[in-house]
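Trainee: Here's my sequence, what's the structure:
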Amino acid sequence: MDPEPSSEQNPERPVSASPARKGFGRRHPVLKWTAVCLLVLFAGFVAAVAVLAHRAEPMLRARIVDELQEHFHARVELDSFHVSLLGGLRAEGRGLRIWPPAEVQGITIPAAGGEKPLISLEDFRFRAPLHYAPGKPIRISVVQMRGLTVDMPPKSRFSHATGSPASGPEASGSAGSSQPGSPVDSKVKQALIHFVVNSLDCTDVHLILEPGKPGKLPLEFAIASLKLTNIESGGRMNFTADLTNARPVGIIRTSGTFGPWTVDDPAASAITGEYTFDHANLADFKGIAGTLNSTGKYQGEMRNLTIDGVTETPDFRLTMFDTPMNLHTQFHALVDATNGDTWLEPVEATLGDSHFSVQGEVVGMPAGAMPVPSSSGPLAQSPGGHLISLTADIPRGRMEDFLRLTSKNGVPLMTGQLTLNSSVEIPPGKEPVHERIRLKGRFSLDDAQFTNEKIQSRMADLSFRGQGDPKAAKQSGAAAGIHATMQSDFTMEHGVITLPDLKYSMPGAEIAMAGAYGVAGGRLDFTGTAKMTATVSQMIGGWKGLLAKPVDRFFKKDGAGTEVPIQIDGTREDPHFAVDFNRLKTTSPQSPNQSQ
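Mentor: Residues are numbered from 1 along each chain as shown. You can find the predicted model right below:
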């Protein structure tokens, strides 16, 4: 029997396969089940976190509402609140409203139609680590807030309660709120979650200060950003804020402290701080223009702030004339920030090289009738706004600084040392400032000269001739040596300055005049009397003077060598001086027995 052929000898016979390699799970069963257990645990953890977060939402929501109610002593509502525990505690809420207290600590706010929340917030969010221990607070580094509106009601809305605690819907609250002051056991309170917030970052903030007087509009401030730190219940908060002032428009940056919160009158809460006010556009007030910058400090409460500061306006001007002047002020003021009323006590100002002081008040006026200054006391319709009532004192100013403001070419009509006391009243209205301003006072001007060469030459000629030296009047440059003094009572209304008793004195001549001057057009309309020391013949001089001696007695009067009725008309740039011949015809010659 022949042996079986080997595989090498029988290539058609298949070769037997090696054993199959085992899978990872069969080779490492322990790791496989460990991974499965971990996945199951992770899924369970996620489910537990989701359930915990779902169950934590109402608890955290209630605690947030309770904390706010304790802080503000007010009814609180929160529309929605959601929590996530992945990566720490994450929470966000929407529709937060804090209402003025209906009844708290004996203070009652009566129900009013269309009542608005004290504080409303569109949405907020925060994050915190998951390190919770019973009795210890959860610390939140920052709460981000958007759409915060604070509406401060007037003090008149608050009254002390005399009856039993309030009841009804105003006192019981609504869905998403709990009643402030409800009894909570201290032990239970300690077991609940307690939050400590390090800071609040707010954007799109609106502060509304409701007026206490009927007919007035509320003051509104748009605050671009507000940050509050050192937040403690019943304590002071630090703040920084950037806001846009409504009028004049400009950027205010301020920082300070606020609080503690006054429950029975939030606007009476203490506030201190300092500010910078940059690039304020004075053109928002019709009739004036310029860019104002100011820095200062303030303290007090919203209804009674004391402010000390300085302002710089390098290009202050009246828009009618558009001549810029540097204006610097240092002021001490009392301000009611709830309505904008301001009491200046005083303002120390420098215009150009002239120092002056102003004090008085700027108070709101409702639309309607308001008295205007006159003996009969008529009424004029006011559009509503702020009435400015001041007194101004210029002890040693320069006339050219103030007249330059009313010159279109920057050249003042006169120069000299000015002393002035005046009342200043600017009622609200749409007309330019120079048409609304009302002045009443008295001024004196020393070392006065006209900048217009034609006018100054005429005055110098009158002075030299009045001294009986007509030759000096013809000398070149002689006019520059003549200085005068002026004084008069004055009023200004509707853009017209009235001078009822103007006295203009210079060597050899005394001029008494009365008339008016139009600020806008520079119109002159004056009549008066010029009295010279010299006689007519002396004023003429030479052989012509000898011929005029017979007429001397026609112009001598009341101790003056010559008295002549005069009139001045024309404009500031082109004045006309003339003898008033109509009045001259009524002049009678002085009799020989009259005093010389």
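
Trainee: For stretch 412-431, the averaged confidence score.
Mentor: Taken as a whole, stretch 412-431 has a mean pLDDT of 90.

Trainee: no, scratch that, I was asking about stretch 462-479
Mentor: Per-residue pLDDT values over stretch 462-479 give a mean of 87.

Trainee: Enumerate the positions of it that are buried.
Mentor: Going by neighbour count (16 or more other Cβ atoms under 10 Å), the buried part of stretch 462-479 is 462-470, 472-473, 478-479. All C-beta spots, glycine's among them, are computed from the backbone N, C-alpha and C.

Trainee: Switch those residues over to JSON lines; also include secondary structure and distance to residue 548.
Mentor: Below are these laid out as JSON lines (DSSP: H, G, I helix; E, B strand; the rest coil; distance: Cβ to Cβ, whole Å):
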{"residue": "462", "secondary structure": "helix", "distance to residue 548": "17"}
{"residue": "463", "secondary structure": "helix", "distance to residue 548": "19"}
{"residue": "464", "secondary structure": "helix", "distance to residue 548": "17"}
{"residue": "465", "secondary structure": "helix", "distance to residue 548": "12"}
{"residue": "466", "secondary structure": "helix", "distance to residue 548": "15"}
{"residue": "467", "secondary structure": "coil", "distance to residue 548": "17"}
{"residue": "468", "secondary structure": "coil", "distance to residue 548": "13"}
{"residue": "469", "secondary structure": "coil", "distance to residue 548": "16"}
{"residue": "470", "secondary structure": "helix", "distance to residue 548": "12"}
{"residue": "472", "secondary structure": "helix", "distance to residue 548": "19"}
{"residue": "473", "secondary structure": "helix", "distance to residue 548": "16"}
{"residue": "478", "secondary structure": "helix", "distance to residue 548": "23"}
{"residue": "479", "secondary structure": "helix", "distance to residue 548": "24"}
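
Trainee: Which members of the residues you listed are the farthest-apart pair?
Mentor: 468 and 479 (17.7 Å; Cβ to Cβ).

Trainee: how about the helices in the stretch 251-400 of the chain?
Mentor: 399-404 (DSSP state H, counting those that start in this stretch).

Trainee: Quick one: the strands in the stretch 101-250 of the chain, in order.
Mentor: 103-104, 107-108, 119-128, 138-140, 143-152, 159-160, 195-197, 199-209, 219-229, 237-245, 250-258 (DSSP state E, counting those that start in this stretch).

Trainee: Could you do the stretch 351-500 of the chain as well?
Mentor: Using DSSP E, counting those that start in this stretch, strands in the stretch 351-500 of the chain cover 354-365, 368-371, 379-382, 385-398, 414-426, 438-450, 484-493, 496-506.

Trainee: Minimum distance to residue 529: which of these has it?
Mentor: strand 496-506 (10.9 Å).

Trainee: So residue 537 is in contact with residue 553, correct?
Mentor: No: assessed by Cβ atoms under 8 Å, residue 537 is found out of contact with residue 553, at 10.5 Å.

Trainee: Same list (the strands of the stretch 351-500 of the chain) but as JSON lines, adding mean neighbour count and distance to residue 98.
Mentor: Below are the strands of the stretch 351-500 of the chain laid out as JSON lines (neighbours: other Cβ atoms under 10 Å; distance: least, Cβ to Cβ, whole Å):
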{"stretch": "strand 354-365", "mean neighbour count": "18", "distance to residue 98": "28"}
{"stretch": "strand 368-371", "mean neighbour count": "12", "distance to residue 98": "36"}
{"stretch": "strand 379-382", "mean neighbour count": "12", "distance to residue 98": "37"}
{"stretch": "strand 385-398", "mean neighbour count": "17", "distance to residue 98": "31"}
{"stretch": "strand 414-426", "mean neighbour count": "18", "distance to residue 98": "40"}
{"stretch": "strand 438-450", "mean neighbour count": "17", "distance to residue 98": "46"}
{"stretch": "strand 484-493", "mean neighbour count": "18", "distance to residue 98": "50"}
{"stretch": "strand 496-506", "mean neighbour count": "17", "distance to residue 98": "55"}
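
Trainee: Serialize those strands to a markdown table and add fields for distance to residue 83.
Mentor: Shown next, in a markdown table, are the strands of the stretch 351-500 of the chain (distance: least, Cβ to Cβ, whole Å):
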| stretch | distance to residue 83 |
| --- | --- |
| strand 354-365 | 47 |
| strand 368-371 | 55 |
| strand 379-382 | 56 |
| strand 385-398 | 49 |
| strand 414-426 | 57 |
| strand 438-450 | 64 |
| strand 484-493 | 68 |
| strand 496-506 | 72 |
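
Trainee: Now tell me what touches stretch 316-323 from outside.
Mentor: Applying Cβ atoms under 8 Å, 6 or more residues apart in numbering, the contact partners of stretch 316-323 are 282-283, 286-290, 324-327, 351, 404-410, 432-434, 519-520.

Trainee: give me that answer again for 6 Å
Mentor: 287, 289-290, 324-325, 327, 404-408, 410, 434, 520 (Cβ atoms under 6 Å, 6 or more residues apart in numbering).

Trainee: Do me a favour and get the end-to-end distance for that stretch?
Mentor: 8 Å (Cα to Cα, to the nearest Å).

Trainee: List the buried residues for that stretch?
Mentor: Going by 16+ other Cβ under 10 Å, stretch 316-323 has these buried residues: 316-321, 323.

Trainee: Does residue 553 lie in a helix or a strand, and which?
Mentor: In this structure, residue 553 sits in helix 552-555 according to DSSP states H and E.

Trainee: By mean pLDDT, point me to the weakest helix or strand of the chain.
Mentor: The weakest-scoring helix or strand in the chain, judged by mean pLDDT, DSSP states H and E, is helix 169-172 (a mean of 38).

Trainee: Flag the shaky bits of this structure, pLDDT-wise.
Mentor: Applying pLDDT under 70 to the chain flags residues 1-57, 71, 101-114, 132-135, 155-194, 213-216, 233-234, 367-384, 581, 583-596.

Trainee: list the buried ones in stretch 200-220?
Mentor: Neighbour-count burial for stretch 200-220 [16+ other Cβ under 10 Å]: 200, 202, 205, 207, 209-212, 216, 219.

Trainee: now, which of those residues sits nearest residue 120?
Mentor: Distances from residue 120 to those, taken by Cβ to Cβ, are shortest for residue 205, at 11.1 Å.

Trainee: beta partners of the nearest residue to the closest one once chain neighbours are set aside?
Mentor: In space, residue 205 comes closest to residue 223 once its chain neighbours are excluded; the distance is 3.8 Å by Cβ to Cβ, 6 or more residues apart in numbering. Listed beta-bridge partners, residue 223: residue 205, residue 243 (assigned using DSSP bridges).
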